[in-house]
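1. sequence? don't have it. structure:
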């Protein structure tokens, strides 16, 4: 009987050690959330489109953190645009250009259910996404206009997004159309620019053809 009790005790200890080891292993292999990707793009928005600028202390810091977040700055002002937690596979960037006020508004949209909201004639947006176009809503009371969609390409001829404009050139949206036509002219694949330098990290400048 004593021998049997000893065997039971040893078995109990072994089972306890085994369970403890399993708990330790589960703790070691427990999946962790990936660290959010953070990247900074030094740029400005001008009447000619998006332009990269040198790193500068005079650039105002603007942050985009995920769907719904937005930032506003003046046309032509250099900004250090910080992306934190933005996923290029599932998020797009909407850039709204207001020529009357000279202001630029950038907003993060979900590619799955993001919506671009038109509030006036000739209003122009740049939708930075290569996979789809957003749902577009038009404010009540606006006269019916064409929605003009223009592909946008960088200096290498690579597509990086689309310009969306509520109103055609024939309906008086000449100035607003000029930006998109300038970028569209680069989509012919005849650029003589130097080859793109590949980098070993996520480059959010590609949202803007930089």
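-> Cool, the structure landed. Here the structure is a predicted model, which is why all the values come from computation and not from measurement.

2. list the residues that contact the residue nearest to residue 60 when sequence neighbours are not counted.
-> Among residues not flanking residue 60 along the chain, residue 79 sits closest, at 5.3 Å (CB to CB, 6 or more residues apart in numbering). In short, each C-beta sits where N, CA and C put it, glycine included. Residue 79 makes contact with 42, 43, 44, 59, 60, 61, 62, 71, 73, according to CB atoms under 8 Å, 6 or more residues apart in numbering.

3. check which element follows the lowest-mean-pLDDT helix or strand in the chain along the chain.
-> Within the chain, no helix or strand scores below helix 2-29, which has a mean of 44 by mean pLDDT, DSSP states H and E. Later in the chain than helix 2-29, the nearest helix or strand by DSSP states H and E is strand 38-46.

4. just checking, what packs against that next one?
-> strand 49-52, strand 79-84 (3 or more CB pairs under 8 Å, 6 or more residues apart in numbering; DSSP states H and E).

5. mind jotting down where the helices sit in the chain?
-> 2-29, 174-184 (DSSP state H).

6. quick check: pLDDT value at residue 166.
-> pLDDT, residue 166: 91.

7. bridging residues for it?
-> residue 147 (DSSP bridges).

8. just to revisit the earlier point, least confident of the helices and strands packed on strand 38-46, on average?
-> Among the helices and strands packed on strand 38-46, strand 49-52 scores lowest, at a mean of 86.

9. neighbouring strands of that one in the sheet, and parallel or not?
-> Here, using DSSP bridges, strand 49-52 pairs with strand 38-46 (antiparallel).

10. next, the angle from the partner strand to strand 79-84.
-> 150 degrees (axes from the mean of the first three to the mean of the last three CA atoms, to 10 degrees).

11. so for strand 38-46, what gets flagged as buried?
-> Neighbour counts over strand 38-46 (16 or more other CB atoms under 10 Å) mark 40, 41, 42, 43, 44, 45 as buried.

12. ok, those vs residue 148, which is closest?
-> Set against residue 148, the nearest of the buried residues of strand 38-46 by CB to CB is residue 45 (19.3 Å).

13. I figured that closest one hits residue 76, correct?
-> Yes. Counting by CB atoms under 8 Å, residue 45 sits close enough to residue 76 to count as a contact (7.4 Å).

14. domain map for the chain?
-> 1-32, 38-208 (automatic domain parsing).

15. would you single out the least confident of these?
-> Looking at those, the bottom one is domain 1-32 with a mean of 44.

16. spatially nearest residue to residue 51, not counting backbone neighbours?
-> In space, residue 51 is closest to residue 44, 5.4 Å off (CB to CB, 6+ apart).

17. mind listing what that neighbour touches?
-> Contacts of residue 44 by CB under 8 Å, 6+ apart are 50, 51, 53, 76, 77, 78, 79.

18. do you know how far the closest residue to residue 110 other than its chain neighbours is from residue 157?
-> The spatial neighbour of residue 110 that comes closest, neighbours along the chain excluded (CB to CB, 6+ apart), is residue 67 at 4.6 Å. Counting by CB to CB, to the nearest Å, the separation of residue 67 from residue 157 is 30 Å.

19. neighbour-wise, which of the two wins?
-> residue 67 (19 against 13; other CB atoms under 10 Å).

20. just checking, the more buried one touches residue 115?
-> No. In this structure, residue 67 is not within contact of residue 115 by CB under 8 Å, at 11.2 Å.
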